[in-house]
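Engineer: For reference, the sequence and a predicted model appear below.
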Amino acid sequence: MNTHFRKGVELLNAERYFEAHEVLEDVWRAAPPQGKVFYQGMVQIAVALHHYSRGNLKGARSVLERAVRNVSDMPQGFAGIDLDGLRSQLREWSKCTQEGSAAPPWPKIQWQVTEDNESKDPASGNQVG
């Protein structure tokens, strides 16, 4: 699952949102119960950005609201990513979709590096990537 998650994040970072959604949906379906809501949120981020990229502001706003809720309670570094940075970017996008203001830069997800210089999923302890 970690290889698929990394691929989904790479697709998100490459602004290939529809493809990212497809890959992340498989990760979400296979996720253990303790991470399921988080991975659903990652799928929703991809869907929201896809909607926005296609001019569907209403759809982007609706899905992004659910995505923000689904990633908000996870600890920093969950699934090996910099969640604080991601949440900050999502706040900017939420403001943009709610107010109709200019779009911020497309979100870019960064990996959270642990002390032993490996990105790890805290839920499983497995190296990500």
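Structural biologist: On my side now, so go ahead.
Engineer: alpha carbons only for contacts and neighbour counts from here, please
Structural biologist: Fine.
Engineer: Just the pLDDT for Ser124.
Structural biologist: With respect to pLDDT, Ser124 scores 49.
Engineer: contacting residues for Ala46?
Structural biologist: 12, 17-18, 20-21 (CA atoms under 8 Å, 6 or more residues apart in numbering).
Engineer: Contacts only, for the most centrally placed residue in the chain.
Structural biologist: For the chain, Met42 is the residue whose C-alpha lies nearest the centre (CA atoms, centre = their mean; 3.5 Å). Met42 makes contact with 24, 67, 71 under the criterion CA under 8 Å, 6+ apart.
Engineer: Output these in CSV; the columns should cover secondary structure.
Structural biologist: Below are the contacts of Met42 laid out as CSV (DSSP: H, G, I helix; E, B strand; the rest coil):
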residue, secondary structure
Leu24, helix
Ala67, helix
Val71, helix
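Engineer: From those residues, keep the buried residues only.
Structural biologist: Buried members of these, scored by 16 or more other CA atoms under 10 Å, are 24, 67, 71.
Engineer: Find the nearest non-adjacent residue to the last one, please.
Structural biologist: What it means is Val71. Phe38 (5.1 Å; CA to CA, 6 or more residues apart in numbering).
Engineer: what helix or strand does the one you found sit in?
Structural biologist: Per DSSP states H and E, Phe38 falls inside helix 36-53.
Engineer: Give me the mean pLDDT for that helix.
Structural biologist: Helix 36-53 comes out at a mean pLDDT of 97.
Engineer: Please point out which parts of that helix sit buried.
Structural biologist: 36-52.
Engineer: Keeping just the C-alphas, turn it into PDB.
Structural biologist: C-alpha atoms of helix 36-53 as PDB (Å, rounded to 0.1, in the frame of the first residue of the first chain):
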ATOM      1  CA  LYS A  36      -9.300   5.000   6.600                       C
ATOM      2  CA  VAL A  37     -10.700   8.500   7.200                       C
ATOM      3  CA  PHE A  38      -7.300  10.000   6.500                       C
ATOM      4  CA  TYR A  39      -6.900   8.200   3.200                       C
ATOM      5  CA  GLN A  40     -10.500   9.100   2.300                       C
ATOM      6  CA  GLY A  41      -9.500  12.700   2.900                       C
ATOM      7  CA  MET A  42      -6.500  12.300   0.500                       C
ATOM      8  CA  VAL A  43      -8.900  11.000  -2.200                       C
ATOM      9  CA  GLN A  44     -11.200  14.000  -1.500                       C
ATOM     10  CA  ILE A  45      -8.300  16.500  -1.900                       C
ATOM     11  CA  ALA A  46      -7.500  15.000  -5.300                       C
ATOM     12  CA  VAL A  47     -11.200  15.200  -6.300                       C
ATOM     13  CA  ALA A  48     -11.600  18.800  -5.000                       C
ATOM     14  CA  LEU A  49      -8.600  20.000  -7.000                       C
ATOM     15  CA  HIS A  50      -9.800  18.100 -10.100                       C
ATOM     16  CA  HIS A  51     -13.100  19.900  -9.800                       C
ATOM     17  CA  TYR A  52     -11.400  23.300  -9.400                       C
ATOM     18  CA  SER A  53      -9.100  22.600 -12.300                       C
END
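Engineer: Brilliant, that's me finished.
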